[in-house]
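fold the following and give me the result.
(2 chains)
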Amino acid sequence: MIWIDFALLWYASYRACRNGCEWAFQGEKLALAFLFALALKSLILFFLIRLGMQPTAGIQVGASISLLAFTLFLPTGHRDETSSGEGTGLVWITFFGVGCLFAFSLVNAWFFPITESDAIWYHIRGMSFFHEVRFDSEWVVPQLKQYPPFIPLLFTYLIAFDVDFLKIVFPFLYLCLNIVFYSRVQSLTGNKKIACLFTLVLATTPYFWWHGVLPFLDLTTAVFYSIGTLYWYFWIQNKIGSSSIKEKNSYALVSGIFLGLAAWTRIEFLLYDLVPVFLAIYVFSRNPDKSSDLKSMKLFFLSLLLFPSIWFLNLMTFDMALWSQIRMVGGVCAFVWVLALVLAWGKWQIPETGLRLAFILAVSGFLFLLVVFGAGSVPVWKKIVISLYRTSTVHIYYLFTASLVIFIFFEKLKDLPELKKILGCFLILFLSTHFAIFAYANPKWSTLGEFVYATFIQPGNSVNLSDTRGMMSLYPVFIFFVSSLPFIRQRLINE
Amino acid sequence: MNNRTWVENMIWSVIALNFVVLMYVFLIPRLQFMVSNWGMEPEALMELSGASDTPNQYSKTYKVASQIRKMVKEDSIVLMPPDNWDYGSNRSVLIQRLYPRELYFYGDKGFDESLLSLENLDKEIYVMFNKGWGKRFCIEESVELLENPGFGICRATQPFSSL
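Numbering: from 1, shown residues only, chains lettered A, B, ... in the order given. Take a look at the predicted model:
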């Protein structure tokens, strides 16, 4: 029964992709449709539970049929799928390699039950959503109760259809990430060889495969955030370039949805979303002559804010005190709404100098907050040192993939096109945001020595810390950046 | 060796080294675990120590939970000892395995009030006891010892207000 339900939803999403994402490759559309189907399913379940209706299999199938019926009226677009570059054999090696890793992760997801600490709570939340038809079950600890519902809702979906293999979704997310990554690199470089090589780098990165069989939030967040960023890059590229308005709007919408979904999975990713938001505003301010049409900006903000806003509104109905960090992220959500209203609807234009000033003010404001409110059991200076250490050393868990950074030193960075520089800025700002978040939060251990010990002597203690896992969202974008460097292109395809 | 070869070789080396680590740390140990435990039910797998990359720190708690699950009907209530057993935190595991049975942990805020509110309910109430807590709530003839030393389960005597 669940296969029928999901097939209906997948096909509905696929039809929507065929209509709205003409720029996507065929396989990419299928992967996007899969991810959109999961997002739609989570929305359907959320509203059913919010309305007090138990999401039984019958009701869910009915909802899926309704959605499919709606998409049957959508016209379809077509993309001319031609790309240069040899490497048919390499394409098969890539398909085979990624396929085998995916197949083995599927076997793992089927074989291993949920026994991982955080995942047990997500399982409990999934059961309580289905049986108690509420989001604030008394059986769940308060902190996790306030966390966004995406993964528990997926578990609810599987429980409603009596499926026991709750981890089954995660290998598919791993596969979708690889398909979209391959397609985007191919779309950017127009070369299959580059796309294949860098997709193989991503797929074989052990940390990614590992999280493809673990029922945590982090791979899902990484898939949404990094895919959202890749499409954000293409939106910005089209903004500066001269592509059709429909294409710009489509990229902006898809990018916003995925960045919003990242926050729908891990709420702190709304803070990381500030990076593409800031850079998008920066690009608009640098190109005022090309910014008269703000529809894509409106679509970007609306789709990004939809999912986290729904959750914050839902949290306001909870009969409990909200966790201080959730309140803080809620404040950021309200701030982004104000920003969106002022920029996209109020049509205010911020000059480039004003934006730089705002950036300096934001950094100063953060330092002020850190000094005034950040002091706890660990002194602020020590928290800064620990966060700096962690932000720079967690990359050892990404092993050899991190060594691709060497290629950047062979590139003449000054001569890079503006777009590539913006993507480079994205990477630096992501790391800075990561550093800022973990400088503000209380560290797991109070001394740097304990972190050094946990990194090099007992790596098992820190391999799955929140900051290590959060870095997963950076790596696909980092690999994409390296693949786009002119130096790499020259050396790989001898141009 | 020209530049092109160097860059391409470097990328292939990254892929190969990644794959070797993937095999050595994750794929082979997981495959060995699966082969040696093939055919086991998920409930039984929960009670094992797990694969080397994700050791199961709750295996003992899963054993306790499975025994209680077999004894106690789904619409029952179970009173639990404080959440600080010898082998780590276990509340989440007990709720996961025993859901939708209602669990109340001694030491939680409002436990005494909850206990009084359970009186005269038309549900079976059980007590899971350990060395330090719970046996005083038991109907003596109903006591059954669990496989984990020091732990047992029994039907609860009522009214609680008299205890």
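
can we go C-alpha only for contacts and neighbour counts from here?
Noted.

any idea how far the spatially closest residue to A:Pro308 that is not a sequence neighbour is from A:Leu313?
Closest residue to A:Pro308 apart from its sequence neighbours, by C-alpha to C-alpha, 6 or more residues apart in numbering or on different chains: A:Trp264 at 5.5 Å. The gap separating A:Trp264 from A:Leu313 is 13 Å, by C-alpha to C-alpha, to the nearest Å.

output the below-cut-off pLDDT ranges for chain B.
Residues of chain B that meet the criterion pLDDT under 70 lie in B:1-4, B:84-89, B:159-163.

which residue ranges of it form helices?
For chain B, applying DSSP state H gives helices covering B:3-21, B:28-36, B:42-46, B:59-71, B:91-98, B:111-118.

tell me which other helices or strands the last one touches.
This means helix B:111-118. If you count contacts as 3 or more C-alpha pairs under 8 Å, 6 or more residues apart in numbering or on different chains; DSSP states H and E, helix B:111-118 packs onto strand B:102-105.

so who does A:Met471 touch?
Each residue near A:Met471 by C-alpha atoms under 8 Å, 6 or more residues apart in numbering or on different chains is listed here: A:Val394.

okay, now the residue of chain A found nearest chain B: neighbour count?
Evaluated by C-alpha to the nearest C-alpha, chain A has A:Arg491 as its residue closest to chain B, separated by 4.2 Å. Residues lying near A:Arg491 (other C-alpha atoms under 10 Å in any protein chain shown) number 16.

domain parsing for the chain?
Going with chain A. A:1-68+A:87-212, A:217-348, A:374-495 (automatic domain parsing).

wait, chain B
If you go by automatic domain parsing, chain B breaks into B:3-36, B:59-162.

include mean neighbour count when you put those into a markdown table, please.
A markdown table is the format used below for the domains of chain B (neighbours: other C-alpha atoms under 10 Å in any protein chain shown):
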| stretch | mean neighbour count |
| --- | --- |
| domain B:3-36 | 16 |
| domain B:59-162 | 16 |
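
and of the ones you listed, who's closest to A:Thr455?
domain B:3-36 (16.9 Å; C-alpha to C-alpha).

count of neighbours near A:Tyr225?
For A:Tyr225, the neighbour count with other C-alpha under 10 Å is 28.

buried residues, the helix or strand hosting A:Leu48. List them.
Under the criterion of DSSP states H and E, A:Leu48 resides in helix A:26-50. For helix A:26-50, the neighbour count (16 or more other C-alpha atoms under 10 Å in any protein chain shown) marks A:26, A:28-46, A:48-49 as buried.

residues contacting the nearest residue in space to B:Lys63 that is not next to it in sequence?
The shortest distance from B:Lys63 to any non-neighbouring residue, by C-alpha to C-alpha, 6+ apart, is to B:Glu47 (5.7 Å). Residues near B:Glu47 by C-alpha under 8 Å, 6+ apart: B:58-60, B:62-63.

that older thread, now distance to A:Met320 too, for the helices of chain B, in CSV please.
Formatted as CSV, those follow (distance: least, C-alpha to C-alpha, whole Å):
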stretch, distance to A:Met320
helix B:3-21, 46
helix B:28-36, 42
helix B:42-46, 33
helix B:59-71, 30
helix B:91-98, 20
helix B:111-118, 18
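
for the stretch 201-350 of chain A, which residues are neighbours of chain B?
Counting by C-alpha under 8 Å from any C-alpha of the partner chain, the stretch 201-350 of chain A comes close to chain B at A:201, A:204-206, A:210.

which two among these are spaced furthest apart?
Among these, A:Val201 and A:Trp210 lie farthest apart (C-alpha to C-alpha), at 14.5 Å.

neighbour-wise, which of these two wins?
Of the pair A:Val201 and A:Trp210, A:Val201 is the one with more neighbours under other C-alpha under 10 Å, namely 24 against 20.

I'd say the more buried one and B:Phe19 touch.
No - checked against C-alpha atoms under 8 Å, the pair A:Val201 and B:Phe19 is beyond contact range at 9.2 Å.

A:Thr199 versus B:Trp6, what's the distance?
B:Trp6 is 19 Å from A:Thr199, by C-alpha to C-alpha.

with B:Met10 instead?
Per C-alpha to C-alpha, B:Met10 is found 15 Å from A:Thr199.
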